[in-house]
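Asker: Could you work out the structure for the sequence below:
(chains A and B)
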Amino acid sequence: MNQIMTNTPLRDAMYAMSLAKSVPDAELLDEFVRRYPEHAEALTDFAIELAIDALTHGDDDEETEVPTDLEAISSAVSRVMSQFQNRLFEVSQERTAAPSARVATTSIANPFASLDRERFRALASSIDANAVMLSKLRDRLIDPATIPRGFCDHLADEMDEPVDALIAHLYAPPEVSSARQLYKAVGKPTLTARQSFEEAVAGSGLSDEQQRRLLSFRK
Amino acid sequence: MARPLIKKDQKGVLYVRPPSIEARINGALGQWETLSKRAKIADPNVPDFLTRECLVHLIRDAIRRNDQRLATVLMRPLLLRCAANLLKTVPDGAMRNAAAVREDILSSFQMLFTEAAAEDTLDYYECKFGRAFKSLRLDRIEAEKSQQKGVTDLPQVRNEDGGTMPDEEALALLSRMARISGSQEDRVYLPQVLKAVNDLPPDQRRAVVLRRIIGHTEEQTAKICKVDKRTIRYRLARADIQLKKLKEDL
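Answerer: This next block holds a predicted model:
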């Protein structure tokens, strides 16, 4: 009975229609049919169901208090949780088996790539950090979820780069920038776990004042 | 800082989360040790309550960081909220195998998190969870109905008198409810009128919804249904007769 809900233009269109308006109107339906003429029939049927459903159940967008001890739902939820945990385990195994393949599929532009050594140092200085801290950002060694948005805006501004491009770079898998560095070690450099923003600030040899300023972006 | 969304709307504009959701996510990211406790809060009025949009983002983030424990801890309360919603929207008796359909919807939902080909669909859920989940629900229900049709027709849901229903006035009520909130009186009769509309033969139901709820003109409705205007007028008139019966019964 279950099926993988893979992306298709039709499924995306259904989600988009659902998000656009609580009860679809003629203008919205026409817009979708014009955009996806090959799915006109399916989208019209979906709009009809959406309209009936919105009038029957309301907008469905309000959070309501949930009785978490309902016998009727907890057994079904437990079975679905079991499926989820099994899939999580499989995904984890797949990642371990083919990490290089995952990295290879990601090709996000690195906005630091065009900077020569002098400009790299100037940028580090302009954000009141140092080359070590900036290298961590360049090589995506900091967990992006922990980087304050205000700091990203500031850095993007100093780099004259769109902030979205910078954030996309920070969220891409970490990389070892072998083209830019020389390693004295015998073995090939390997990736380590990402640091939090706080750990990166604390472990980059910055002065107390520099650390204080960078951490102030968390507010 | 929340990861930017990559899905675009029908005009090609990137979706963005509502600012309140974005702020809640940013406030929760990195606070891993408090999240399992916060996820258990069931009252939306409590300041630390995690919305469904927040939970989706945090689960995706945990999976990306390979934090299976946190992903599991956050997924259960999210599924419980989805299950509670499904109990209202797909109640027992609404269709054959309602319980199995509810579980199928939940199962399809959890798969979005772990199937690479579908994972970015969750962007919709980070913007407006309720509407995105409704889309999934309607899609799965439609698939289930098609499957059941192949076996045998579903029993028709009848009103108390055993008849099917809608009159001009009842249909006008639908239009009012679709455009504005409708009056208190409209709300009282709405469930019965909707039930009656659902009981109409498919071609009449399609004509009524397109013309009276979605708001197409008679000409547009005829074009969409691939029939002439006279046929649409006939179908609406037939629906009116059935709705008139409903009005007499109310």
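
Asker: give me phi/psi at the closest residue to residue B:194 other than its chain neighbours?
Answerer: Among residues not flanking residue B:194 along the chain, residue A:56 sits closest, at 5.4 Å (Cβ to Cβ, 6 or more residues apart in numbering or on different chains). C-beta here means a position set from N, CA and C on the backbone, and glycine is covered the same way. According to degrees, to the nearest 10, the main-chain angles of residue A:56 amount to phi -80, psi -50.

Asker: my guess is residue A:56 meets residue B:192, correct?
Answerer: No - checked against Cβ atoms under 8 Å, the pair residue A:56 and residue B:192 is beyond contact range at 11.4 Å.

Asker: Neighbour count: the two, which is higher?
Answerer: Using other Cβ atoms under 10 Å in any protein chain shown as the criterion, residue A:56 and residue B:192 rank with residue B:192 on top: 18 against 15.

Asker: Tell me if the lengthiest helix in chain A is near chain B.
Answerer: Longest among the helix segments of chain A by residue count, using DSSP state H, is helix A:71-97. Yes - under the criterion of Cβ under 8 Å from any Cβ of the partner chain, chain B is reached by helix A:71-97 at A:72-74, A:76-77, A:79-81, A:83-85, A:87-92, A:95.

Asker: the domain parsing of chain B - what is it?
Answerer: Domain segmentation of chain B under automatic domain parsing yields B:19-151, B:168-249.

Asker: ranking the ones you listed by mean pLDDT, which is last?
Answerer: Of all those, the minimum mean pLDDT falls on domain B:168-249 (a mean of 76).

Asker: so how many other residues sit close to residue A:210?
Answerer: 17.

Asker: Where does the residue nearest to it when sequence neighbours are not counted sit, in terms of helix or strand?
Answerer: Closest residue to residue A:210 apart from its sequence neighbours, by Cβ to Cβ, 6+ apart: residue A:128 at 5.5 Å. Using DSSP states H and E, residue A:128 falls within no helix or strand.

Asker: these two touch, right, residue A:128 and residue A:214?
Answerer: Yes - distance between residue A:128 and residue A:214: 7.3 Å, which falls inside the contact criterion (Cβ under 8 Å).

Asker: who's more crowded, those two?
Answerer: More crowded of residue A:128 and residue A:214, by other Cβ under 10 Å: residue A:214, with 23 against 15.

Asker: Pretty sure the more buried one sits against residue A:201.
Answerer: Yes - contact between residue A:214 and residue A:201 holds when scored by Cβ under 8 Å: they sit 5.0 Å apart.

Asker: I'd like to know how many residues surround residue 93.
Answerer: Picking chain A for this. Neighbours of residue A:93 under the rule other Cβ under 10 Å: 10.

Asker: Let me rephrase: I mean chain B.
Answerer: 8.

Asker: try residue A:122
Answerer: 12.

Asker: which residues touch the residue nearest to residue A:210?
Answerer: Under the criterion of Cβ atoms under 8 Å, 6 or more residues apart in numbering or on different chains, the contact partners of residue A:128 comprise A:210, A:213-214.

Asker: which ones are touching residue B:61?
Answerer: Contact partners of residue B:61, counting by Cβ under 8 Å, 6+ apart, are A:145, B:3, B:29.

Asker: show me the contacts for the last one.
Answerer: Taking Cβ under 8 Å, 6+ apart as the criterion, residue B:29 is in contact with A:145-146, B:1-2, B:58, B:61.

Asker: buried stuff in the stretch of helix or strand residue A:212 belongs to?
Answerer: Using DSSP H and E, residue A:212 falls within helix A:208-215. By 16 or more other Cβ atoms under 10 Å in any protein chain shown, the buried positions in helix A:208-215 come out as A:210-211, A:214.

Asker: Do a quick rundown of the helices in chain A.
Answerer: If DSSP H is used as the criterion, the helices of chain A fall at A:9-20, A:26-35, A:40-57, A:71-97, A:99-105, A:117-126, A:131-138, A:149-159, A:163-171, A:197-202, A:208-215.

Asker: hmm, what's the outermost residue in chain B?
Answerer: Taking Cα atoms, centre = their mean as the measure, the residue most remote from the mean C-alpha position of chain B is residue B:33, 33.6 Å away.

Asker: name the element it belongs to?
Answerer: When elements are defined using DSSP H and E, residue B:33 is found to belong to helix B:32-39.

Asker: same for that helix, what does it pack against?
Answerer: Helices and strands touching helix B:32-39, as assessed by 3 or more Cβ pairs under 8 Å, 6 or more residues apart in numbering or on different chains; DSSP states H and E, comprise helix B:68-89.

Asker: Cool, thanks, talk later.
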